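Participant: return atomic coordinates for the entry below.
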Amino acid sequence: MKRCHRCKTPWHEEKRQPAYKDCCEKCSAYLHCCLNCRYHDPSAHNQCYIPTTDWVGDRAAANFCDEFEFKDAETQVKAAAKGEQARNTLDTLFGDDVASERKPKSLDDLFGA
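Facilitator: Residues are numbered from 1 along each chain as shown. Next comes the predicted model:
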């Protein structure tokens, strides 16, 4: 389901994508913005998976990006659950206790002062 990035209100339209100036009916946030795009990733170059996109200063503001695709919130939740399941499997395999035992508690523990 496609949702507003600010208030999480579902977007119900017959159109596949919101127009450039479409706003959320509940909170008036722009829908055609980086924060609602499936390609937005803060760790990527220009915070976008598409390498040819221009820099956008305000990620919550409306923009004219031709690459915009409204992200599906349910797909993100499923991906996060899959990642959590993988983490739990690794913790079970290698033991979560081993990693926490090796972490130093303070700088004194690290340097032996």
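
Participant: please enumerate the helices of the protein.
Facilitator: 73-94, 96-102, 107-111 (DSSP state H).

Participant: for the protein, what helix or strand is lowest in average pLDDT?
Facilitator: Least confident helix or strand, the chain: helix 96-102 with a mean of 56, by mean pLDDT, DSSP states H and E.

Participant: distance of the spatially most central residue of the chain from residue 111?
Facilitator: When Cα atoms, centre = their mean is applied to the chain, the residue found nearest the centroid is residue 41 (6.0 Å). According to Cβ to Cβ, to the nearest Å, residue 41 stands 37 Å off from residue 111. Yep, even glycine has a C-beta here, placed from its N, CA and C like the rest.

Participant: what do you get for residue 85?
Facilitator: Distance from residue 85 to residue 111, by Cβ to Cβ: 38 Å.

Participant: how does the protein divide into domains?
Facilitator: The record's domain parsing of the chain by automatic domain parsing lists 1-71, 75-113.

Participant: by mean pLDDT, show me the worst of those.
Facilitator: Here the domains of the chain differ in mean pLDDT, and the lowest is domain 75-113 at a mean of 69.
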